[in-house]
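> Whatever this is, show me its structure:
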Amino acid sequence: MTHPEYQSITERVQTWLAGSTLHIRFNNPAKHNALSVDMWEAVPPLLALARDDDRVRLVVFSGAGEKAFVSGADISQFEDMRAAKEAVARYEAMAELTLTGIFDFPKPTLACIRGYCIGGGVNVAIACDIRIASTDSVFAIPAARLGLGYRYSAMKNLVDLVGPGAAKDLFFSARRIDAVEAKTMGLVTRVAAPDGLESLLAEYTTAMADNAPLTVMAGKAITREILKPSTDLDMALCTSLIRGCFESADYTEGRTAFMEKRKPVFTGR
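Next up is the predicted model:
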């Protein structure tokens with residue numbers, strides 16, 4: 001169901017709210033969902049709305065059609081956008097803003113991948129918390145073949161996710177890998193046949209709708225703290241988040257439902 005407040009600024013990004021899940025779909029199938037300027041710019045305002053919307057417990061990113069999640073940047077725009085130093089700076093700042101916004105979003109995010117997930121597509125996927133993919137998906141980071149500078153934040157996300165060895169393998173070689181190898185190295189979480197991807201996604205949309213949102217968000221925030229250098233660790237924040245879960249009405253509901261052997265109804269309070 002479409003909700004008017006989640007209207008995208010471009011037709012090349014589709015949005016809809018289904019239950020407690022906000023779907024953001026990249027819709028540039030003629031170019032295998034390559035990310036154009038307007039597509040990058042469409043995401044931050046949608047996340048800003050979802051951040052404060054208690055209805056939203058999960059944001060899912062996907063690509064239109066069956067051939068691609070995101071095949072990279074829309075290179076037809078490079079001559080205009082990347083020809084001059086100022087244009088390069090603007091393009092990189094815009095992509096950084098969007099990817100950082102996904103990574104810093106306090107609620108769970110999931111990349112549902114089918115087909116090509118290349119370059120900027122990998123960056124979007126690894127900015128998410130969870131990645132699921134169909135068996136016909138293909139992954140690559142071709143920066144070394146294009147002579148592009150690769151941002152610190154994107155490289156850090158990749159190293160944190162798959163480790164330095166696998167990250168350097170993918171980055172230095174720029175080779176393509178299939179979904180099975182992507183899962184083996186930890187680039188994706190779970191894999192399903194193309195006709196089973198929708199059912200696999202439904203597992204997560206259902207789980208996020210049923211599970212206690214404060215607990216989930218606290219777990220996400222604490223994971224972020226764990227990955228920081230110890231000198232930057234905010235243990236007070238971790239303690240506060242945990243205490244907030246135990247002091248919530250959802251914790252009371254969870255305990256009560258367990259004792260009464262029924263399904264809990266969590267409200268995020």
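
> C-alpha from now on. contacts and neighbour counts both.
Fine.

> does residue 111 have beta-bridge partners, and which?
Beta-bridge partners recorded for residue 111 (DSSP bridges): residue 61, residue 131.

> likewise residue 138?
The partner residues for residue 138, given DSSP bridges, come to residue 116, residue 178.

> thinking it is in contact with residue 117, fair?
Yes. If you go by CA atoms under 8 Å, residue 138 and residue 117 touch, sitting 5.9 Å apart.

> of those two, who's got more company?
More neighbours surround residue 117 than the other of residue 138 and residue 117, with 29 against 24 (other CA atoms under 10 Å).

> Run through the residues that contact the more buried one.
By CA atoms under 8 Å, 6 or more residues apart in numbering, residue 117 lies in contact with 68, 69, 70, 71, 72, 137, 138, 139, 140.

> Now a ChimeraX select for only the buried ones of the residues you listed.
Entered in ChimeraX, the line below selects the buried ones among the contacts of residue 117, by 16 or more other CA atoms under 10 Å:
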select :68,69,70,71,72,137,138,139,140
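
> how far away is residue 47 from residue 213?
Applying CA to CA, to the nearest Å, one obtains 17 Å for the distance of residue 47 from residue 213.

> Surely residue 172 is in a strand?
No. In this structure, residue 172 is helix, not part of a strand, as judged by DSSP: H, G, I helix; E, B strand; the rest coil.

> any idea how far it lies from residue 110?
27 Å.

> Between the two, point out the one with more neighbours.
Comparing residue 172 with residue 110 by other CA under 10 Å, the one with more neighbours is residue 110, at 24 against 14.

> surely the more buried one meets residue 131?
Yes. With contact defined as CA under 8 Å, residue 110 reaches residue 131; the gap is 5.7 Å.

> joint contacts of these two?
Common neighbours of residue 110 and residue 131 (CA under 8 Å, 6+ apart) are residue 125.

> re earlier: got TSV for the contacts of residue 117, with distance to residue 253 and pLDDT too?
Below are these laid out as TSV (distance: CA to CA, whole Å; pLDDT from 0 to 100):
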residue	distance to residue 253	pLDDT
68	42	97
69	38	98
70	41	97
71	44	94
72	45	87
137	41	98
138	43	98
139	42	98
140	45	97
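
> All good on my end, thank you.
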